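**Q** Need a 3D model of the following:
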Amino acid sequence: MLRGSEAADASFAYNRSDSDERNEADQMSRLRAVRKHFWSYVRGVLRGHPGARIESGVKLSGPGRYDLRRGSTVSKGAQMWVGDGATLVLSKGAKIGARTIVNVESGITIGADVRISWEVQLLDTDFHWTSSTSGRVRPHTSPIVIEEKVLVGTRSLVLKGVTIGRGSVVGAGSVVRRDVPPGTIVAGNPAEPVGEVADWGSAVS
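**A** Predicted coordinates for the structure are as follows:
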């Protein structure tokens, strides 16, 4: 049986060991995060976008122009294609979520501090030509503009010709076919207004 002083020493040794393990786990977690950020920035530099973060598994293809600005992020597994003569703009502080698909034939502009969640699709094209009964050919592609401080929820679909106004929120799983006024919350298929954003900064971090 341990005497009082021996028991205290044993308890101290146990607690110190437990604390050391927690500290080591925290340090390893921070180290992994630093490595992830470091290699994200390296990928940005290697792909000609210094200051942008490009995570692993990202695919950037097509002959068009990528304008990925400093402080922007493209998350793991995102796939993007930009056609000839088209431009994709990802502004400072904007983030493309994991496994999101972006297809650009006219142009897509994503404003500062926009958050695109995971598995979203941004498509500025129908991928084919259509014509009316009179024989008039309808345009199959039209630019998308997402203004500053917009949140697009997971698995949403944003279609050609849409402008999403500053500070708006698109609910998860929505299909956005028409313009969204600034500061508006939309949801559903097709997306319809369901509310207003009183304070974007407090509602969305």
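
**Q** And this protein, split by domain according to the record?
**A** Listed domain ranges for the chain are 1-46, 52-197 (source: automatic domain parsing).

**Q** so how far is the first residue of the longest one from its last?
**A** For domain 52-197, the separation between the terminal residues is 29 Å (Cα to Cα, to the nearest Å).

**Q** on that earlier part again, where among the domains of the chain is the average confidence lowest?
**A** The minimum mean pLDDT among these belongs to domain 1-46 (a mean of 58).

**Q** which residue sits closest to Val114, ignoring its sequence neighbours?
**A** The shortest distance from Val114 to any non-neighbouring residue, by Cβ to Cβ, 6 or more residues apart in numbering, is to Ala94 (4.4 Å). All C-beta atoms are positioned from the backbone trio N, CA, C, and that covers glycine.

**Q** ugh, wrong one, I meant Asp179
**A** Once flanking residues are discounted, Asp179 sits nearest to Thr163: 4.8 Å by Cβ to Cβ, 6+ apart.

**Q** My guess is that neighbour contacts Pro181. True?
**A** No. Look at Thr163 against Pro181 with Cβ atoms under 8 Å: they stay out of range, at 9.4 Å.

**Q** Compare those two (neighbour count), which wins?
**A** Thr163 (17 against 14; other Cβ atoms under 10 Å).
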